[in-house]
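Chemist: predicted model, plus sequence, below.
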Amino acid sequence: DTEVTQTPKHLVMGMTNKKSLKCEQHMGHRAMYWYKQKAKKPPELMFVYSYEKLSINESVPSRFSPECPNSSLLNLHLHALQPEDSALYLCASSGPSSYNSPLHFGNGTRLTVT
Amino acid sequence: AQSVAQPEDQVNVAEGNPLTVKCTYSVSGNPYLFWYVQYPNRGLQFLLKYITGDNLVKGSYGFEAEFNKSQTSFHLKKPSALVSDSALYFCAVRDGGGGGNKLTFGTGTQLKVEL
């Protein structure tokens, strides 16, 4: 079982809906990540939080809004998404020495935009 | 800029035979190399990493990888494949000479182990 918990596991939303993805880890990791993954493709980095501050935004459209309420939680707020945003959204965390610390991934949220 | 190449989209191997999944990388500084495995409808699981030291790295589930600096490669190996090893494998690299906290993934290799 993964130590990074993501909810919900599946989400179907219309293009006018507002929804949120949630991620939680209790490993004491201070770096947390959002990735987007299409089928059979590598994960694409979206956002990185380091010590609860946004450190990397990979030019993600504003319809995706990340939030890090505390060191254990990471949210991704979704609004006015497009069908092409349908994908597996993965959360990950890593330890204090970011260069040599592996990422620990959750099992993802499978998002379908109709 | 850092990059990773996995030249094979798919590798087929018979159960009990050795397997190799290939990975080459390009970085400006020292490479920090990782292998991950992904089963259907799951997240990525960390298998092993190379940071420094012994070129042969041992990881989870009997997997190992050999770091070769001259060939800039980090191939994943297992002496005897199992059907349960069938999954999608990703090689990844961080550049110790810059690039911040970004982990660059290869395109992935689908491993199929048959009876």
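Modeler: Nice, I can see it. Numbers count the residues shown, from 1 in each chain, chains lettered A, B, ... in the order given.
Chemist: next up, phi/psi of B:S26, please.
Modeler: Main-chain torsions, B:S26, degrees, to the nearest 10: phi -140, psi 120.
Chemist: state the number of residues packed around it.
Modeler: Burial measure for B:S26: 14 neighbouring residues, criterion other CB atoms under 10 Å in any protein chain shown. Just so you know, the C-beta spots here come from the backbone N, C-alpha and C atoms, and that holds for glycine as well.
Chemist: same deal with A:T16?
Modeler: With other CB under 10 Å as criterion, A:T16 counts 8.
Chemist: name the nearest residue to it, ignoring sequence neighbours.
Modeler: In space, not counting the residues next to it along the chain, A:T16 is nearest to A:A80; the distance is 6.7 Å by CB to CB, 6 or more residues apart in numbering or on different chains.
Chemist: what's the neighbour count on that neighbour?
Modeler: 14.
Chemist: now do the contacts for it.
Modeler: A:M15, A:T16, A:R63 (CB atoms under 8 Å, 6 or more residues apart in numbering or on different chains).
Chemist: SS state for the second one?
Modeler: Using DSSP: H, G, I helix; E, B strand; the rest coil, the structure places A:T16 in coil.
Chemist: which pLDDT value goes with it?
Modeler: Per-residue confidence (pLDDT) for A:T16: 90.
Chemist: how far away is it from A:H79?
Modeler: A:T16 sits 9 Å away from A:H79, taking CB to CB, to the nearest Å as the criterion.
Chemist: likewise for the first one?
Modeler: Taking CB to CB as the measure, A:M15 falls 10 Å from A:H79.
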